[in-house]
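J.: the sequence and its predicted three-dimensional model are supplied below.
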Amino acid sequence: MPIRLATMDLSDPATPKSNIDMNGTANRRKSGRAKYKPVLLNKDPNIPQFTSSGAKRKRAGTLVEDVGEPSDADMDEESSPDESDPDEEELKERRRKAKRAPSKPAPKKPKAGPGLTTNLAVRPAVNGVKKTPRPKQPRARPVKNTADDGTGLYAEVFSEGHTFDAVAADWIKRWEENNSEAMCDLINFVIKCTGCNLQVDVHDINDPDNAVSKLTDLQDEYQAQNITDYPLISKAKGNASFRSTLTGFFEALIFTCHAAGVLYSDLAIIENIDVWVSTMSSSAIRPFRHTATVISLAIATTLCGVANDLTENTAKTVRQKEGEQKKKSVNKGRVKELEGKIAEGDRRRTQVIETIQTIFDSVFVHRYRDVDPKIRVDCITALGTWILTLPDVFFEGLYLRYLGWVLSDTFALTRAEVIKQLSKLFKIKDNVARLRQFTERFRSRLVEMSVQDSEVSIRAAAVELLDMIRETGLLEPDDIDNVGRLIFDTEPPVRKAVAGFFAKNMDDLFEGTLEDFGGEEGLQEILGEEVEDDYDTPRSSWLKLKCVAETLQSYDAEGEDQDEKPRDADESLVAAGTDSRYALATQTVYAGILEAKDWEVIAGYLLYDFSFAGQAKEDADAAFKSRCQLNEKEEILMLEILNSAVKGKLLEAVEIEADKKGKKSRVQKEESRRIQETTALHLAKVIPRLLKKFGSNSATASAVLRLEHVLNLEIFQELRQDSTTYASLLDDINKQFLTHVDQGVLTEASTALLHARAFEDLEEVTESKLSELWDDNVTALRTLFVPGKPYDISDLCNTVRRIANLASISDCVEVFDREHRPSTKKAASTSSATPRSLLTDILRDPALDSEASEEADELVISAMKSLLFYYMWTVRSLQTAIATGTVPDLPNWTTFAESLVSLIETRHTASQVSLTAVGTYLDLFTLFATFRHIRPTPGTADAIQEIVQHVSLEAQGLILKTYTTIEKSYAKKARKTLEAAPDDYLASDPEDSSDDEDEDDDSHAQQETLMAEKRLCELAGKMVLATVARVLDNEGPEKGKLKERLQRNKGKLGGNFKEVVAFLDGPKAKYKRKPAKKAAQKAKPVVVDDEEDNSEEEPQVEEGGEEDLRTRELVEDRIVDPEEEIAGGDEDARAGADEVEDEDEVIGD
């Protein structure tokens, strides 16, 4: 034993090498070779000295030989690297030693892995000093540092140089040699996997009854270290494969024990593992509990595979026995041997199942409801695997109920995992019988998850699962309808998931409907042979489309509420350009139903005349037509399906033609082009026919007009089609524009006209049609409204509404400024004033006061919109004129502004008219403020200065009053608390309006709250833009107070309002770059002072000035103030730059 200690000293890397080097240098020979002196051996009196006497050799034995033999090698290697080249004799000696080196037993089979470095201490002393390059140790897979591991098993498992099977076999060999040490190594491996560096010893393993107290001590000591992260959940680099490595080792260990028979002959292995691991799985410390649970679940999963293998082997043996017994000459010995194998297999399978049940009772039952959701997810994943692997045991209601209970888990990933595992079970059709009881018990919960779950992905997954259940026939009709209604859902993933469900439901409904006509053969006899290109004759697909329309109508939850749309677009929560709920639903229908993709068939179905279908119902053909006849609501839905089919067809063709990656062949691209051409030509002929049939109803007319939006008008010119076809189409659109009063139809018609104007080749035709519309509506305005005479409010409201829509898409400056000279016969019945004057008179008409009807309010709102569009077109023409150096005639918009102020004063503060007047007033001032950022040409500077005006203090007070009312209204509906501030400077906060006194109904409370938030954010946004444009809150003694008022409740009125008001602060991050002083010096020539504020109180980038607007990306080129360019602002700019130089936080780049 002393020899081993001395050898360890020599091979210890910590032994100072300086002693050897110094002695070697002191006893240097002339030949340059160092004289070897066994320093450490001489220092130990218990170690005998090496001599040539045989007695000492015999007493020292092999150990002496092991120590003495490498002394010559050490002498060779102790020469200093600074010495001269070795002589020939020394080289020969080294070659001889190198040839002998492989025969030495000590350096043989170096074990890879950091955990085995502890064996190096008992190697010969030569390995402690010699610097020969060692084989590179394999690096651990998921961990970086394993040098502190006290066991070799951890290093072996996580080393790249070892396989799990080899490590497991090596551990079983150690178990057979010494049970306690092997089990101690395994338990320490488990403890190390939790992130704890503490260990147990052999005495703890030999006393399993004390396992609980020992683990409690380890947990207390580990908890005192305040470690929050552990390898199983760590996101550190190198830990990505930790879980798979950990579970893979235990799987290999169990399979190896099974293959070697140790799992059945030595029960102490699994019993000892269960004692320690199951105890750790109930630990109060999460690292211990989670790691032990994962190990236990992995062991149980592997045992399920073992049990399944045993079952298959036993069944195979039974078949062999039966085959042997059927032979004429039965080999009784063989039969007896097979019976013994069967009995042994049954015994082993029973033992394995008992072990699995023990793990289930001691670990799973407690951990599937653990406080840590990750542990719950692991349990559900393992249970699903057990059911599929060992269905004879786990495919029972006793175990399936755990999946049903976890469907109500609060953690989304846990619910998602349950849906995933159930989907695996329902995919196997043979499992339907066993799942019947489970489905009846938890079907309502699955339907509830698909409809109301907070996570969209879980809802979509639940719908897909219910689709599988529907195929098994275990879904009730009410449940099918509840899931089918999700076709109107607002979430795209849910609608996408329900597409297949809805399509299969329609297939079932269609098959049931076919039975009424004698099935497919009977229907074919009624209809005869279908002609492919004849879309106007009845066909079987019409019956399928009728089933779709009926189902969509029944699924429409809102019913008649959809027919009552708000007349003013401002009162709608649907954003412009957003598809309606019908359009979204029909897009899902298009994706799932084949018949909904043939738009020519759908168009023929809609255009067919069913008026005579109800006259002779006894005829089979008449019965079919009567069954296919659509009602008004179904016609709307079918038109939406037609829109989706046309859009989908064209989109697919465009994508094929636009392919640039070479995925589509030339033939495919030519075919896609042909599809676009034929679709455009056919659609141009179909739209007028559809308008003729469905143009009288506003809902159907809007759907038909949307077809024109996707019409590719370039094809008309490319194919050199007659322009009369397109002109006829525009005539039909104009007719719809003039005959309808519904805002939806007017919007769709205006969009169609705007779409037509986008094509230059057809611009002349479109402009002529627009001119006709202007003439008709202006004439109607002059006829209906003569100042001082009574008029029909309803007709005038419809006319002004049309004028507002036309003004939004066409330049109306010339039309609004044109005077009318009527003939003598019509002089008394029409007005000769300009349309702009007539619209202004409407705003000032005292008859349209707050006591008037809703149509009167809408008339005033439409007049405001029309005049605002007029000034927008005016600004555009002025900017063009100024750019060319022309001094145009400046518009006088003071009268319009005064009319708006009058409306704000006379109307109720919270009314829609007052709110629209405030918004229009702010837009008007902000609109003309854009001239401040136009580079003036010589002779236009004075004109530009006259255009830009500021909001008066009186009007500012009215604006604040309206804002305060809207703010309080939203705060009341949303149940938010506002910051109390009685020192409002321009206006006192008014009392809540009478409209807000009544409590909202529960069914409309959310909608009313959203509408109130929409009004607040719109008004605040206009105020912010006016403030940035320096036309609001930019002069007078109260300058800046309105900005403070907007920011008072910035963080209390929701995220939307906060983002709107945050624009006042600007992007401050851009002003904090370093070095700041150099950037400020470079920015000196860009600093611009306001022409109306020459004070030195604000030595920073002026809010709303050039740099501020450039930073907010509101201007593109460098902006020069008109007054500075004329009067010469270089001196002021330099002064301003000198002041800014010290303000590093203002100008940073």
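T.: Yep, it's here.
J.: quick one: contacts of stretch 944-952?
T.: The contact list for stretch 944-952 (Cβ atoms under 8 Å, 6 or more residues apart in numbering) reads 878, 882, 890, 921-922, 925, 928-929, 931-932, 934, 936, 959, 1026, 1030-1032, 1034-1035, 1122-1123. The C-beta positions use only the backbone N, C-alpha and C, and glycine is treated the same way.
J.: quick one: which of the residues you listed sit in helices?
T.: Counting by DSSP state H, the part of the contacts of stretch 944-952 found in helices is 878, 882, 921-922, 925, 928-929, 959, 1026, 1122-1123.
J.: among these, which pair sits farthest apart?
T.: Checking these against each other with Cβ to Cβ, the farthest-apart pair comes out as 882 and 959, at 29.4 Å.
J.: quick one: which of those two has more around it?
T.: residue 959 (26 against 22; other Cβ atoms under 10 Å).
J.: list the contacts for the more buried one?
T.: 904, 918, 921-922, 951, 1023, 1032.
J.: report the buried residues of the helix or strand hosting residue 351.
T.: Per DSSP states H and E: residue 351 is located in helix 332-359. The neighbour-count check on helix 332-359 (16 or more other Cβ atoms under 10 Å) flags 335, 338, 341-342, 345, 348-349, 351-353, 355-356, 358-359 as buried.
J.: what's whichever helix or strand comes after it packed up against?
T.: Sequence-wise, the next helix or strand downstream of helix 332-359 (DSSP H and E) is helix 365-367. If you count contacts as 3 or more Cβ pairs under 8 Å, 6 or more residues apart in numbering; DSSP states H and E, helix 365-367 packs onto helix 373-389.
J.: show me how far the longest helix seen in the chain is from its chain's centre.
T.: Secondary structure of the chain per DSSP H: the longest helix is helix 286-325. With Cα atoms, centre = their mean, to the nearest Å as the basis, helix 286-325 stands 41 Å off its chain's centre.
J.: repeat that for stretch 627-645.
T.: 34 Å.
J.: for residue 766, which non-adjacent residue is closest in space?
T.: residue 756 (4.4 Å; Cβ to Cβ, 6 or more residues apart in numbering).
J.: now do the strands in this protein.
T.: Along the chain, counting by DSSP state E, no stretch forms strands.
J.: and the gap between the closest residue to residue 267 other than its chain neighbours and residue 913?
T.: With sequence-adjacent residues excluded and distances taken as Cβ to Cβ, 6+ apart, residue 267 is closest to residue 351, at 7.9 Å. Distance of residue 351 to residue 913, given as Cβ to Cβ, to the nearest Å: 86 Å.
J.: now the terminal residues of stretch 816-835, how far apart.
T.: 5 Å (Cα to Cα, to the nearest Å).
J.: gap between the closest residue to residue 1057 other than its chain neighbours and residue 904?
T.: Leaving aside its sequence neighbours, residue 1057 sits nearest to residue 1017 (Cβ to Cβ, 6+ apart; 5.7 Å). Per Cβ to Cβ, residue 1017 is found 20 Å from residue 904.
J.: same check, this time on residue 683
T.: 48 Å.
J.: returning to that earlier point: can you say which of the ones in helices among the contacts of stretch 944-952 are buried?
T.: 878, 882, 921-922, 925, 928-929, 959, 1026, 1122-1123.
J.: of those, closest to residue 770?
T.: Of those, the one sitting nearest to residue 770 (Cβ to Cβ) turns out to be residue 878, at 22.5 Å.
J.: can you pull the contacts of the closest one?
T.: 888, 890-891, 931, 947.
J.: and residue 934, by the same measure?
T.: 879, 882-883, 944.
J.: what do you get if the cut-off is 7 Å, keeping everything else the same?
T.: 879, 882, 944 (Cβ atoms under 7 Å, 6 or more residues apart in numbering).
J.: which pLDDT value belongs to it?
T.: We have a pLDDT of 76 for residue 934.
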